[in-house]
Structure formats: structure tokens, C-alpha cells
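In: Dropping a prediction and its sequence here:
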Amino acid sequence: MTLLVAVADAGADRAVVRAARALAAAAGWEVRGVHVREPDVPEPASADLGELDLIAVDGEPVEVLSALVRRTTVDAVAFGLSCPSASSPGTWVLGHVAEALLDNHVAPVLLVRPGMRTLTRLRRLVVPLEGSPSSSAAMRAADEAFCARGREILMLHVVTGDVPDEAGSLPAPRIMDQEHYEWPAWQDEFTLRFSQCPKGGRHGIAVRVGDPATVIAEEADTGAADLIVLSWSGSFESGHGAVIKELLVTAPCPLLLVPSGLPDAASLT
Amino acid sequence: MASAGDRVEERGEKARARELERALEREFSVVCFAWDGTAVAHRGADAAAVRSRVERLTALGVDIAVISSAGVREVDHHLGARPGVEGRLFLFLSRGSETYVVGPAGPRLLERWRATASEYEGLDEAAEALCRRLASAGLQVDLVRDRLNRRSLDLLPDWAGPPGASALELRREVDARLNAAGFPGGLEEGIRLARDLVREAGVAHAAVTSDARHIDLGLTGKADAMHAVARVLVAGRGRAPEDVLVVGDSFGPVADGQGTDSAMLIPELQRSVFVSVGQEPAGVPSPVLHGGGGPVRFLDILHDQLAMREIVAQTSFPEPTDDPGWRFEVKGFDPFREREVETWLTVANGETGTRGALEEGSAISTPATFVAGVYGDGTGDPAFRQPVPAPDWTGLRLMADGSLVTLANGEIVDHERVLDLRHGVVYRTWRQRLRNGRTIRVRTARFASLADRELMAARAEAVPEDFGARIVWQSAIGVTHAGGSIKETEIDILEDPPGLIARTRGRNGGGHVLAVTTSPAPGSPVARMPQQARDVIGGRLEQGDPATVDRLAAIVSARTRVPSPEVARHALERARDTGFDALLERHRAAWDAAWAAADLRVDGDPEDQHALRFAIYHMISTAHPEKDTVSIGARGLGGMSYFLHVFWDTEIFVLPFFIYTQPETALTMLTYRYRNLPGAREKAARMGFRGALYPWESADKGVETTPPYVYGPDGEQVPILSGLMEHHISADVAWAVWEYWKATGDDAFMVDKGAEMLLETARFWVSRAAEDEEGRYHVRVVVGPDEYHEGVDDNAYTNVLARWNIKRALEALAWLDDHDRARARELRKRLKLAGRELARWRRVMEGYVTGFDPETLLFEQFAGFYDMADVPLERLRPRPMAADLLLGRDVTLVSKVVKQADVVMLCHVLADEIDEATTRANYDYYEPITSHGSSLSPGIHAAVAARLHDVAEATSYFKMAAAIDLGDNMGNAAAGLHMATMGGLWQAAVMGFCGIMRRGEALRLDPQLPAAWSRVRLPLRFRGAQLHLDLRRHGDGVDVGITVAEEPVTFRLDGVDHELTPGAHRLRRRDGGPWRVEAL
């Protein structure tokens, strides 16, 4: 079980490696580094990456990383966010390699932007959930890898008025006959649908109203979250993708993006 | 070319085969067979197939008798059968000297006969003398002494022939050896010699027999074994000889001697069927039928006996209807929706409700059984009355060769559940490919009996499709995943019927006793396996065999104590004696009767039809027609949400369905409110008012059960105001009393109960009103149906209904004065209703503020509503929406945003008095600003929109209402259904689309069918008349066929009353023109 750090840029990579080490320690994974040497691309400046077990491979990064993930027991790949151009200094983008890994459902991706709160020990996670089954992959991944006694996982549901069409979705109640009964019932059901982890982590549910990216960033900030875990649905243009695009800029702590998808029904029984 | 003789022989063969076939084509209750040569070819042969068939036949109640000259060690070790219960498999061994009965733990000796010492000496003397005579002729034989009551000489001690050689082959070999040794008579000569020797030895009663290889000198024989069979299994169990099938392999003569099995032909069993599967070269004696084929044929005979019985199990498994209009199907398995599915598939009967959880359970299943009307104190903060749920009676775990069969074990091949709405049965079919690659098929059917309301039943079947295995059903009483008030639950073993019994006690409240028994279903080759903690039924099955069990459960309950377990046991005993199939028949008949009174058939829109039948099914199954200590909780009997508390939902939304289809049930529901009048008086008094203020939430005692506060997300205590301020429920109950009376003409109810309820609620409204300086009366600080606005003054719904309540109470009293003066006097005296007080009532009634503006025709929803802030309509879309959540409570509290039908609701419930123009004006004003953040809203909007001829909008609201419980992405049915929505759907269909509403003591008819509806058929009850209406779209018009029975009925058409006498009538309207009425 391994977390693979894709080393590309020394400036960002020190923070990435630190975050990766903290995440791997929480999940019981090993950390390894890989640097993909592309033809005609200048080598990055060398950086002190501690005692990272680093290998260098020649080739096209997406192909190399995908092959590595498939061949070995890699659970996640870590990237440093890159700022594409000086003309848009506030814009942080995912990068085509990370995006391709997510789109191809290769592996979850840990993203660390310079200036994010340093992840040294995983204590508090925020998992935004829109209430649809396919987007609950983030919650399953968070529970499977990180749920443990002493750790807090906040399931954050942001109400926007948009209702997922997907069958089996459970957004915040659209009808609320008697509030004192509806909310506890909704919370029970939300927990049953999206998290039944028995490993002893403390799960909480928060329902907030507003712009999802703003609310998520605020909640992570005020709650001193160490990590935000989100489902990646494959597009930056709408839904989760638009939220993620904004969080790349505003998130106060590292992001773990998990390819969305429905679990095998039997596995949840 | 065949000769004539050959043809005669051939015909004879065919005739014999037909005779054998006919003889075997019935079920025998005793199958008796010889072991060696018949069941197995030889001692080393594989007996697994015999073992399997024997175990399954015993499980099906067939007695098996194995006859052998060998001892128990040999036969039991070889057969190895372990029936689930002792008392079906018997071993008659050692030539009839011993009888064993075999149970799950192995064989147990029943009888053994031993020779005396002198008899043994005689047998030894004769056997040794025979050995010496043969030895002197040079023939070596083995003398076997360790046989019970006999001695045996093996004439072929060095035999090297094949195992399982036929008697004929052995006989030839023996004869050859004896001939060579100077015994020309061969075996016969040896037997004669042995007979002489036993006589000489003084044991003349010993029998000398031979199986061709041995000469046995014995004091018992097969005949003794058969006598034991006749005594123990035939006479001893009250059977006739015809019930017995005897199978052997050697009845006919072998060379010069009789076949050994001929000894089985004893006089007591002469009417039994005897079959030989041996070669029988010399034919068989009468009445033996020759089948031949050896042990293979014998296995076929056992198989046929099994198949005849198993066909009963396979064909008697109940099936759901094929009619899609009655099937509520849930295909596949979606873990995210499973709790909703469980709620949808609830089987209930007004007494109990059982969620449709998977029988085998899962990590995400929430099985629960709720018992209506049984409450205790909750333990949370705040504590309030909560139901005392019953333990789960449905749990059945399935094991295949020790491996648990679950959805998680391997791969789901098929999974479907069907709620047969017509008959209230939930069916499940499931095929699972297990991790070992084998496929098992499972079917279950369960119901809560509508005919015997204390009973619930389930049948479960498992069929290994492509393998043989030990299939076991384990049943247990499990934990109900529901919370609620449970002080303690005790579970004990139930001896008779065998099963389990659980006593559950609530805190400071009621309790119940659940008794459960599981048994093999008729025709299934499984048997009960005694265990300490569980009912366990199972057996070794072959591919395609059904392991089917019936699970019966009885629940008896009491509101203030735990009933005697004996009552539950007796109920279960009755259920057991009736049996699953007969219980199901009774249940189906009860549902047939219920649907005959209530079915609403819609042609043209299957989805709408489904939604209506789903609603009607759950309303019928949640109501109790006789028990007036219970009423319908807001979320029915399928979930713990709302704690089975009774709200205004019952009277305003659900009760009309019962008033117009099953008035007896409506009467029971109103009687629940009458019983709880003391609680309503107590609440009014506690708040400083007079009369009766019904609790906003009601449980068993009729007192206010609404929790006073709740804790918010940040731990702050948030007061719940509905119990303090939502007073319109008293007028709602009064409205229900009046509606029932007017729609049924049940004067006895009005005399005995209704008038008192009207008077006491009216008295409350008089005391509740505060007079202002201008002599107007106000109801201040209330919450109306629109709960976004709390603590408002003069809510129109509340005030108009309150005024109406006072008016109707005075009318009822006047009617009582005329109709039953004694009762009127008694009521006036008991309620201390003086003339002065009644005069004040009239004054207050006249002065009640209603917020109505005759110019605009609008009711102001409450004082100051018009002054509130407007909210852009686009912020209230899409609907339904919880506007208080999305906009913020601080916004909705001061804005013109309405949670649910409020003034529109008023126009609906008082449609008899509020004209169409006023309704139109208010609908147009309030509809756009209503968020429908309540499940109570869309159905009523559909009804009102249809009444206003806005059919498209009405249809849209109807579908919105239907989606509340059934929509893919609502998710709010997980812990219970929305009973008010269901009642609203029915009202939308009948009062809205069909346009049938009470007007005085007549029915107004103004159909406005949705575009997709081509025809609607429904039964109705009205003032003693039984009606069947058949509405058909006819171009732009409509034809209505009405069959009237019992009493005449008045229809109001375009404002004109038409009395329809019993018989058939046709009403026609074309292009919005006048109605034409024809008697047929």
C-alpha cells in the first residue's frame, strides 16, 4: 500500500512530501517518490526531499504513472499544484497529469498548493457530500483509509437548492413537516447511506447553505481541517468540478480527490 | 421376427410394468426395504444417494424401515443417515432381533431380543456339527459366531468373485463346491442337513435359511423384522397395510430354494405393496411386483416418492399477481435506497407493521415491527411518549453447507421484491452465485394478516440450483433497529408450538408478547433440528430440492402492561393449526373485501394508478377498523419517524378516505379522539382555557406528546412551538366529526360522541378568543398550517374553522334537542352548558375575526401578512423546497413565503361553504408563494386546482405529491411513509379530478380528469348508499355511470339536486353544457 509522490517541482514538492508522509502515516501506507523525465523538458532544480525513496523513469508522465499505479499497490498519487503562467498568478490548476489520472479512475490524487496549511498529522477531515451515491466515493475512501479512533470526519452537506437527479440521492430535506423529527431522521439516513464506518473515528454531519466552494473552504478553515476529501466527477465546468476548481485556489488545507463512481452493491451489505 | 409367444410375453411384460407403475404412483407413508442387494449392491457400495433420499423422505414425514441381517454398526455406518428428528428412520436389524430408531445424534436401541444360554448352546452344537460334517468331506467353511441369536456358516470363505455378485452366481458356486465334496444335492442338501442337526441339538424352533452363500441357523428372521414393522409403524401409528411399500430383491425362488425376501411377505402386510428390484429369474410370488433394476431402480422409487411430495412444496409457493397495476416492484438491490424500500414494502394490518427488510439482514438493513397504540416513556432529553417496538420476527438466516447465504456472499444474479398490493403480500425472488461458484435460488413471501390481526406469517424457500448441499434455515428473534421505549425484552424457548417467545415491556407503559414458530412447509424435505437458541430447519438436499419453511408469529399487546404469554402462545397455536396456506387464504379474502370497498381504478396513466393504489394499500393496512385505542400515525406503521404520534394529518387528510370508503374504520378513528377527550380537556385547562384542546401530537393517553424542545446543531435548546401554539387541530377534529356525520348519516355517533366533541372544542374556541375594544374576537399567538410563521395573530385557517366549529356545535346541540332530548339534557347538565354561556358562544362566533376582504375575496393568512416582505419567486423554485432552510428562518419568518396550503387548505376543507370565486382568488394569490416545504401541501393543491378546472396544474401537483414517498431522490420515506400525502392523493383524485365533494347532504359532481386519464372507476359510501361510479372521458365531455345500492343518494349537478334511486344511472355532459341524467 503506497502513496506515490509525483516529483516535478522542487518548490512545491517539499510541502507535497510532508503532506504525503502525514497522510500515509494516517493510512498505514508507504511513501515513494517518482520523477518522470520527459524528453525536451528541463530537469527541475534539485530539492531536499528528505529520505524519500525516489525513482526516476523516462517517458510520458500519464502513461508512466498509470502503469506504475496499475502494476503496484499504489493507493494514491500526490502532486503539487502548478501555477501555469505569470499572467494569471491567482489561478492554480490541477495539471493535465493529475486530471488524466482522475478521469481514468486510476487513483485518488492528493493536491497540495503552496501556502496551504501544512499537513503534519491527520486529525480532522472535511468530506463534502452532495448526497448522491456516485459522489459518495470520497466518503468511502476517507472511511477506508483514514477512519480511526481519535480522528474526526465531518460530513459536510452544502444546500444549494439544486437537487441531484441520481436515484438514491439524499439531499437535505426538501420537505420538513415537523423539524424536530425530520432532522434526526435525515441525519440517521444520511449516515446509513454514506458512512457506516465501525473503526472508531468520530463522524459528524454539518448542513450549511450557500456556495459550496465558499462554504467548504470556510468550514475547513474554521474547523482547522487537515484535509478535504472530495469526489471528482470528471469535469471542471459544473457540479463538483466547478467547486474543486475554486477550492484549488481557496482551500486552506490539502485536497484529496477521489474518482467518483458507484460501489458494488453487495460490498455495502 | 418375434413369435406369437414372444408377443404374448411382451404384452405380459408391458402389463406388469403398467401395474407396477400404477402401484407406485401414490405416496406411501411407510417405505420398508431390505438393505443388502436392494438399497446397496454390496457392503462397499456408495450409499450417499440412499442417505440423501432417506433423510429427505423422513423430513417429509415418511417412516423408513431398513431390514437387514447385519448389525447396527455395519448398517448405520454404511447408511449414515441422520434425520432432523428422531422417530422416522428405523433399523430392523440382526434378522429382526433388534430395532433401532435413528435421530440427529445417531441410532438408539428400541428393542432387542436375546436367545437364552441353552438356545445359544443348541445353535452352537448344531453349527459345529454341520462344520464337522462338511470338513469331513473336505470342505472348509467359516463359522461366524458373533451374530445375535444365530450362527452363520460361510460356504465360500475364499470367494474371490466380484463384490455384489447375484444370489444366482453365489448359488452356482456354492452348489459346485458342495457337489465336489460329495453333496450332490448342493445347498439344498446342506440346508436339510442343518435342519436335522438343529432338531438333534434341541433348538427345533430355529430357522435354517440361506442367502445362497451362507447357511444361517437362527432363532429370528426377516419375518420377525416385518412383524416389528407391522407392530411399530403400522398398527402403532394407526396406519393401514396399504400405506406400506416394501422393497426387496429376492422374493422369488432361487434354484430350488425360496428367496430370502419372501420371508417379508407376512400376513399382517398382505395388502401392502411389495416390489422386487432383484433379477428374480424364476419370477416373483404374488403379490410381489417385479421391477428389477437393482439398487438403481430402488433409488428411482425413493426419488419418485420424494418428487410426489416436493411438487406440493414447489407448486404451493404463493405467487404475486401478474397484473402490473397491482404489482409494486423493486428490482435489483440498491444499498442507498434500501431503507426506503423497507418502508415501501411494509406489511401492516392496523395492529402491527413490519418493515420489508431482508430476511437474512445486512449491515444496512433496519428490520422492525411496530405495534400500534403501545407506548412508553422515552429516555432521551426531552423524554416523551414513544412506541414500544416489537422484536424482529422476520429474521431467517440461510446456510448452505455451513456458509451463510447473503447478498454479500458472491454475486447477485437476480433480485426482485414485489409488493402485491391486491393481497398485501411481499414476495422476494433472489438468485445468488455464491463464492464457491454454486447458485442458490431463494423465494420468500410474507404478510401481516388482515383477517387475523395478531398474526404474521412468512414462507421461505431455498433451492440449490446446481449442487447438493446441507441447506439450513436458522430463525431467530432479533433486535428491532428502531429505538423507542423498551425497558426490557426477555426471550425464552417456546415448547409448544416449538419456537421462541419474547416479552417486551416499555417504560411506564405497555408491552407485548411475540411468539414465533418455524416449521418445514408441506412437501419440503427438511426437518426441525433441535437447538437451544433458535428454530433451525434443514436437511441434506440434492440439486433442485426445495428447502421450504413456514414462519408464523403472533403478537398480543396491552397498553399498560405486558400481556400473558399464554395469550400469544394460544394465538400462535391457532395459527399453527390453521397453517400458512389457510392463513394466506383468509388474508387474501380480507384484502379482496377491503379493495372491493376502496379500489380506485384509473385507465390511461399507469404511474398515477400505481401511486393511488400504493397510497390506498398503505392507508388500509395502517388503520384498525375495530380498535379505538389506536389511530393512524403521521408516518404509518412502517417507520419510527414521528414515533407513531397522531397529528391533524389523520383527521384532515386520511380520514376522508375512510369516511367515503370504509366508514366503520372512520368511526373507530373518531372514537379514538372521543376516548381522548379527557386529555384534550386537560391540555385546555393547563393552558388556562376551557373545553377541549386536542394535543398537537397524541399517543396513548391523549395528552400533549409534542417534545417541548429540541437541541440544535450547536447544542442550544430550541423550543418546539407546535405543541404550544398549533391549536387548529381542535377545529380539525371537530371538522372530522361533522364531515363523518354528514357523509354517513350516523346519528348514533353524533348522539353518543360527536356532539360532545363539537361542544367541548367549541367551548375551547370561545375561551381562546380575546375580545378587543370593538367587540371583535381574536385568536392571538398561534401557529397555523403554515409553520414558517410562528406566534401570529388571527391565522385565517384557525379562526375561520374555529368560528365554524362554534356554529356547528350550536347546530348539533339544537339537533340533539330535537332528536334525543334526554341525551341533550344529560350533556347540558354534565358539561354545565347554561343558556348564558351558549348566548356568549353566539356573540363570540359573530365577532370572530377571519381576515376576509369581501372586495378582493382574499383571506389574509394572518394579521400583518400583507405587510411582510416579498420574496422573488425565482428564489422559491424548484418546488418542493424547504424555504426556511434555503432562505433562512429569519427570512421566512418575516416574508410572504408559505410553507404549505394554509388559506388554500381552508378553501378545501370548507369547500361546502367557501364559494369558487373566493377559492380562485385565494389560490391565485397564495399558490405562487407556497414553497410546499410540507408533504401535506401538494395533494391539497392538486385537489383545489382541479376544482378550479386548472387540470394541468392539478396534475403537476398530483405527481409532486406522489413523488414525496416514491421519488428517486427524495429519500424521506426511509423512516416512514407520509400518510397525509397518501390521503391527499386520494382526495386529489376523488374530490379534485372526479369532482365528487359533499355539499350538505348531497354529492356535487364536476369531473375534471387529467389529460392522460381516460376512465376512472371507484366505489363510494354516502349516507347509507353504496355507489359505484364509472367516469369516462368522452371527447370534451364525460359520461358517468352510477350504480346505487342500499339507499337513494342525491347528486348536485350544476347546483341542482337529483335524487338517484337504487339502480343504474347514467349522467352525461358534453362540451361544458348541462348534465343529462338517465336512469338505466
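Out: Noted; the coordinates are in hand. This structure is a prediction, so every number in the text was calculated from the model and none was measured.

In: Stretch B:918-933: which residues count as buried?
Out: B:918-923, B:925-927, B:929-933 (16 or more other CB atoms under 10 Å in any protein chain shown). Any C-beta I mention is one placed from the backbone N, CA and C, and that applies to glycine too.

In: Paired strands for the longest strand seen in chain B, with orientation please.
Out: Counting by DSSP state E, the longest strand found in chain B is strand B:547-558. Using DSSP bridges, the strands paired with strand B:547-558 are strand B:455-464 (antiparallel), strand B:511-520 (antiparallel).

In: how about the ones you listed in a markdown table, adding mean pLDDT and mean neighbour count?
Out: Compiled in a markdown table, these are given as follows (pLDDT from 0 to 100; neighbours: other CB atoms under 10 Å in any protein chain shown):
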| stretch | mean pLDDT | mean neighbour count |
| --- | --- | --- |
| strand B:455-464 | 97 | 25 |
| strand B:511-520 | 94 | 26 |
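
In: out of the ones you listed, nearest to residue B:252?
Out: strand B:511-520 (39.3 Å; CB to CB).

In: just how off-centre is the closest one within its chain?
Out: Chain-centre distance of strand B:511-520: 13 Å, with CA atoms, centre = their mean, to the nearest Å.

In: pull the CA atoms of it into CSV?
Out: Extracted in CSV, the C-alpha atoms of strand B:511-520 (Å, rounded to 0.1, in the frame of the first residue of the first chain):
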residue,chain,number,x,y,z
GLY,B,511,-45.9,-4.1,26.3
HIS,B,512,-46.4,-7.1,24.1
VAL,B,513,-45.6,-10.7,23.7
LEU,B,514,-44.3,-12.1,20.5
ALA,B,515,-44.5,-15.8,19.9
VAL,B,516,-42.8,-17.3,16.8
THR,B,517,-42.6,-20.8,15.4
THR,B,518,-40.9,-22.1,12.2
SER,B,519,-41.7,-25.4,10.7
PRO,B,520,-41.0,-27.3,7.5
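
In: what does whatever helix or strand comes next after that strand rub up against?
Out: Next helix or strand after strand B:511-520 toward the C-terminus (DSSP states H and E): strand B:527-528. Residues from elsewhere that reach strand B:527-528 (CB atoms under 8 Å, 6 or more residues apart in numbering or on different chains): B:58-59, B:83-85, B:498, B:518-520, B:535-539.

In: Show me what the helix or strand following strand B:527-528 is packed against.
Out: Toward the C-terminal end, the helix or strand that comes next after strand B:527-528 (DSSP H and E) is strand B:535-541. Secondary-structure packing of strand B:535-541 (3 or more CB pairs under 8 Å, 6 or more residues apart in numbering or on different chains; DSSP states H and E): helix B:48-59, strand B:469-475, strand B:511-520, strand B:527-528, strand B:547-558.

In: What residues sit buried inside the first one?
Out: Along helix B:48-59, the positions that meet the burial threshold by neighbour count (16+ other CB under 10 Å) are B:49-59.

In: If I follow the layout properly, residue B:154 ends up in contact with residue B:147?
Out: No: counting by CB atoms under 8 Å, residue B:147 is not a contact partner of residue B:154; they are 11.3 Å apart.

In: Which of these two has more residues huddled nearby?
Out: Using other CB atoms under 10 Å in any protein chain shown as the criterion, residue B:154 and residue B:147 rank with residue B:147 on top: 19 against 15.

In: Pull the number of nearby residues for the closest residue to residue B:434 other than its chain neighbours.
Out: Leaving aside its sequence neighbours, residue B:434 sits nearest to residue B:410 (CB to CB, 6 or more residues apart in numbering or on different chains; 4.2 Å). Neighbour count of residue B:410, defined by other CB under 10 Å: 19.

In: any idea how far residue B:410 is from residue B:428?
Out: 17 Å (CB to CB, to the nearest Å).

In: Give me the distance from the longest helix along chain A to the chain's centre.
Out: Identified as the longest helix of chain A according to DSSP state H is helix A:10-27. A distance of 14 Å separates the centroid of the chain from that of helix A:10-27, by CA atoms, centre = their mean.

In: one step back: for the contacts of strand B:527-528, which one is nearest residue A:67?
Out: For the contacts of strand B:527-528, the nearest to residue A:67 is residue B:538 (51.0 Å; CB to CB).

In: Could you give the bridge partners of that closest one?
Out: Beta-bridge partners of residue B:538, as defined by DSSP bridges: residue B:472, residue B:527.

In: show me what contacts it?
Out: Counted by CB under 8 Å, 6+ apart, residue B:538 has contacts B:84, B:399, B:470-473, B:526-527, B:529, B:547.

In: repeat that for 7 Å
Out: B:84, B:470-473, B:526, B:529, B:547 (CB atoms under 7 Å, 6 or more residues apart in numbering or on different chains).

In: In TSV, list the residues you listed along with neighbour count and pLDDT.
Out: As requested, the contacts of residue B:538 are arranged in TSV below (neighbours: other CB atoms under 10 Å in any protein chain shown; pLDDT from 0 to 100):
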residue	neighbour count	pLDDT
B:84	23	76
B:470	15	92
B:471	25	94
B:472	24	94
B:473	27	95
B:526	29	89
B:529	19	79
B:547	31	94
